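Engineer: Need a 3D model of the sequence below.
(2 chains)
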Amino acid sequence: MKSREQEYKEIFIAEALEYYDALNRHISELERRPEDDKVLAEIFRLLHNLKANAKAIGYLQISDVAHKLETAFSLIRNKELSFSDEVVLVLFDGIDLLGELIGNIDNPEYGEPDHVLIRNLDIIVDNLSNSTIELAKVQRYNSSKNLSLSELIYIQIKKLDHLLNLVGELMIDRDRILSISRDLDHDELKSVSSHLYRITEDLQYSVMDARLVTVGSLFNKFPRIVRDIATAEHKEVYLELTGQDIQIDRNILQIITDSLLHLVRNAITHGLELPEERKKKGKPREGNLTLSAKNDRDNVIIKLEDDGKGIDLKQVKKAAIEKNFIPADAAAHLPDEEVLSILFEPGFSMAKEVTEFSGRGVGLDVVKNAIDSVGGRISVNSSKGKGTTFTMQLPTSIAVKGALLFEVNEIYYAIPLIHTESVVSIDISELHEVGDVLLADVKGENITVVYLHELLNAPEHNMRLGDKSRLSGQVQNIIIVSYNNRKLGLIVDKLYRQQDIVVKPLSKPLDTIDLYGGVTLLGTGKVCLVLDVPAITRYFITKR
Amino acid sequence: MNKGKPDETATEQPKETVATQKEAAPKTNGASEQTIHLVVFKLGTEEYAIKIEQVKEVTVTPSITQMPRTPSFIKGVANIRGDIIAIMDLEERFRLRPAVNDGDVLGNTYTLVIEAKDYSIGVVVKEVPQSLNLPVSKIDKAPSFLQDINIHENYIEGIAKIGERLIIVLDMFKILTVDEIKQLTGQQK
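Structural biologist: The predicted structure follows:
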């Protein structure tokens, strides 16, 4: 695969050539209608972007020429230079030179740009309109000689979505064919299907790759946003960005955009203290905000850290009791993680006042829902006085998910690996009936356990989640899932393998049933239901 | 098994009716009498029908994967040619008493795949569905007596009468309205 730099360069060249085409179009138009301010403004914009892009990637010759042209056009705009024949000629030459430079980025043979032309440009820029200095003749570039089309095409994300869906369908059929060919034990069929396997795999990764964008495309919008919020809140904030090069599916990034914005606002308005306050606490006046991305196996971890005042667990507990999220007596010995997880409950807010940027009743639950919808996880860590960290774990791609397959009541189910913590087998004697639930000691940690068959299939009025006698067999297979800092063990009938699955969303009218994140077809053609861990956890809590 | 496959036995008599209608009608509406093509099936003890345009295909019911915690009228999901669609039991939906003598000796049931605007849904029926051509005028739209029956009249496009037979014509697109879908999620809680 090409290196990232190579890819950036190609994108730059393709864009630059587009700018070049547009410049040619507009300057020809300007020649006909020199008074048209709109055209002039457009030329200005194009040159400015080209200059900035070239400078950013290090093509100084291009940014130089673009800068000179930009200056010339600004003089024309300010009526300090007339758009006369002589000037027009030089400007046309200048734009052609840009085209030549762009076209020769990859050509090590290409030396210096034409000195005469550069001098002409300098003359019209420096000597204003009263100049009588000769503009030297330059050899005209023949712009009609080599016409070329851009190496880059724009494509609607919708088309890529469609392509990805088709690939998903293809993979399901591929798995089916592979399993049939194994059953038939036909050598030729086996070799064809394994070839098919490799091709579809290649195809899948190519399509996934085409959808990847850098996290930076979102991160780079934040310096300005942070500045604006900080100014409005009278705070001093230093924003540090890392990992902008990490790549992620465009749609996933799109979906978390609002969430990230929300978290950043919260961090500045509620997290970071005012400069004087920070000074009193012995912190630097300027608050630190770090937005970072990194890869973690198949996932991307996005972290937002601040060194502000942190979340006051006592305040959270108090608010939770006041708003009846938890009973007062239970609050006292609630573990810290559970207290923090209340922050993500719908309708929970600690904001006392509404400011322009925060506290408009949009709570963290909205953030959580967005992350859930792409199959990601979010967690929060905070220590009082030191700061808060939000960690988002996101899948790199939507299409394929690693999942754990299992069976309950002769129905196949899958749970995405992103939600599974571990799998354990324990003897039924190690399960304890505590209150209305079952409890198991897993590696020194007390974990609530529920028999999925009971939770899913028992009549709702007769559900007994804390009754061991409902279990069958001696050894129980437990999948430990985690959602919102809470762990829950799910007892399943049979545990199968770990497998990459293509999740198909449920079609109407079933799409409103949130217990299932979708379905997938197994190689055998059997339908497998994909359990939605957030929904199953919520369902368990309401039934407990 | 695709469209058109259901038995065409019932179509002959109605065609004659079409002819007589044609002679009588022109004076009043100037156009020839339209016919309507229905797929007829049994639910409970009554005959029901759906317009053939709404039926994508008729197939022997494939293996259905149950979905726990969905309303009882959702039998589950099934894989029909790579599409995974919901399978609905209209007898449950309308709370009908199943017929004592359950059709097919082999115990086979059939599934009508209904194609709505943006999704498909399967409807399970017990006997082989039949196809039937009828003049539009044979269908009594929105009869008033329906208000006494426990089926919401919204779904019912009309009642067709052919001799002794009474066929309830359903509008499948209205079987699952927005309210229904809300109810669907409500029950799951």
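Engineer: So which bits of the stretch 401-544 of chain A are right by chain B?
Structural biologist: Within reach of chain B by CB under 8 Å from any CB of the partner chain, the stretch 401-544 of chain A has these residues: A:409, A:411-412, A:456-457, A:504, A:506-510, A:512-516, A:519, A:521, A:525-529, A:539, A:542. (Each C-beta comes from the backbone N, C-alpha and C, glycine too.)
Engineer: Surely A:I480 is in contact with A:T420?
Structural biologist: Yes. With contact defined as CB atoms under 8 Å, A:I480 reaches A:T420; the gap is 7.0 Å.
Engineer: Give me the residues contacting stretch A:5-17.
Structural biologist: A:50, A:53-54, A:57, A:59, A:62, A:99, A:102-103, A:105-106, A:148, A:150-152 (CB atoms under 8 Å, 6 or more residues apart in numbering or on different chains).
Engineer: Among these, which pair sits farthest apart?
Structural biologist: A:I57 and A:S148 (20.3 Å; CB to CB).
Engineer: Which residue ranges of the stretch 51-200 of chain A form helices?
Structural biologist: A:60-77, A:85-103, A:115-126, A:157-184, A:187-210 (DSSP state H, counting those that start in this stretch).
Engineer: Hmm, I typed the wrong one, I wanted chain B.
Structural biologist: B:12-24, B:26-29, B:90-93, B:178-188 (DSSP state H).
Engineer: Let me know the average pLDDT across the third one.
Structural biologist: If I follow you right, that is helix B:90-93. Here helix B:90-93 scores 83 as its mean pLDDT.
Engineer: is any part of it close to chain A?
Structural biologist: No. Helix B:90-93 lies out of reach of chain A by CB under 8 Å from any CB, never closer than 11.6 Å.
Engineer: Name the residues of that helix that are buried.
Structural biologist: B:90-91, B:93 (16 or more other CB atoms under 10 Å in any protein chain shown).
Engineer: and which of those is nearest A:T231?
Structural biologist: B:R93 (59.3 Å).
Engineer: what's the closest non-adjacent residue to that closest one?
Structural biologist: B:F73 (4.0 Å; CB to CB, 6 or more residues apart in numbering or on different chains).
Engineer: lowest-pLDDT helix or strand in chain B?
Structural biologist: In chain B, no helix or strand scores lower on mean pLDDT, DSSP states H and E than helix B:12-24, which sits at a mean of 39.
Engineer: Residues of the stretch 51-200 of chain A that sit close to chain B?
Structural biologist: Checking the stretch 51-200 of chain A against chain B by CB under 8 Å from any CB, the hits are A:169, A:172-173.
Engineer: Those residues, buried ones only, as a ChimeraX selection?
Structural biologist: Of those, the buried ones go into a single ChimeraX selection, burial set by 16+ other CB under 10 Å:
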select /A:172
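Engineer: now the residues of the stretch 51-200 of chain A next to chain B in CSV, with pLDDT?
Structural biologist: Shown next, in CSV, are those (pLDDT from 0 to 100):
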residue, pLDDT
A:E169, 80
A:I172, 81
A:D173, 84
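Engineer: So what sits opposite the spatially closest residue to B:V128 that is not a sequence neighbour in the bridge?
Structural biologist: Nearest residue to B:V128 in three dimensions, chain neighbours excluded: B:Y110, at 6.2 Å (CB to CB, 6+ apart). Counting by DSSP bridges, B:Y110 is bridged to B:V60, B:V125.
Engineer: Identify the residues contacting B:Y110.
Structural biologist: B:Y110 touches B:41, B:58-61, B:124-129, counting by CB under 8 Å, 6+ apart.
Engineer: any idea how far it is from chain A?
Structural biologist: 19 Å (CB to the nearest CB, to the nearest Å).
Engineer: Kindly state the pLDDT recorded for that residue?
Structural biologist: For B:Y110, pLDDT reads 90.
Engineer: my guess is B:G44 meets B:R95, correct?
Structural biologist: No. Counting by CB under 8 Å, B:G44 sits too far from B:R95 to count as a contact (9.4 Å).
Engineer: So those two - more neighbours on which side?
Structural biologist: B:G44 (15 against 11; other CB atoms under 10 Å in any protein chain shown).
Engineer: Spatially nearest residue to the more buried one, not counting backbone neighbours?
Structural biologist: In space, B:G44 is closest to B:L96, 3.5 Å off (CB to CB, 6+ apart).
Engineer: Next, count neighbours for that neighbour.
Structural biologist: B:L96: 17 neighbours (other CB under 10 Å).
Engineer: mind checking pLDDT for it?
Structural biologist: Model confidence at B:L96 (pLDDT) stands at 75.
Engineer: before we move on, what about the one 4 residues further on?
Structural biologist: B:V100 carries a pLDDT score of 57 in this model.
Engineer: now swap in the one 3 residues further on and tell me
Structural biologist: Listed pLDDT for B:G103 reads 47.
Engineer: Residue ranges of each domain in chain A, please.
Structural biologist: Annotated domains of chain A cover A:4-126, A:157-211, A:214-395, A:400-543 [automatic domain parsing].
Engineer: returning to what we had before: the more surrounded of A:I57 and A:S148?
Structural biologist: A:I57 (18 against 8).
Engineer: picking up where we left off before, among the residues of the stretch 401-544 of chain A next to chain B, name the ones in helices.
Structural biologist: Short answer: those in helices (DSSP H) are A:456-457, A:539, A:542.
Engineer: For ChimeraX, what selects the buried ones among those?
Structural biologist: Provided next is the ChimeraX selection string for whichever of those are buried by 16+ other CB under 10 Å:
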select /A:456,539
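Engineer: between the ones in helices among the residues of the stretch 401-544 of chain A next to chain B, which is nearest chain B?
Structural biologist: A:L456 (3.8 Å; CB to the nearest CB).
Engineer: For B:K138, find the nearest of the domains of chain A.
Structural biologist: So among the domains of chain A, domain A:400-543 is nearest, using CB to CB, at 31.5 Å.
Engineer: pLDDT averaged over the closest one - what is it?
Structural biologist: Mean predicted confidence for domain A:400-543 is 88.
Engineer: OK, contacts around A:L340?
Structural biologist: So A:L340 contacts A:311, A:313, A:316, A:380-382, A:485 (CB under 8 Å, 6+ apart).
Engineer: roughly how far apart are it and chain B?
Structural biologist: On the measure of CB to the nearest CB, A:L340 and chain B end up 26 Å apart.
Engineer: quick one: which of the contacts of B:Y110 is nearest to chain A?
Structural biologist: B:T61 (13.9 Å).
Engineer: right, and that closest one touches B:T111 too?
Structural biologist: Yes. Look at B:T61 against B:T111 with CB under 8 Å: they come within range, at 4.5 Å.
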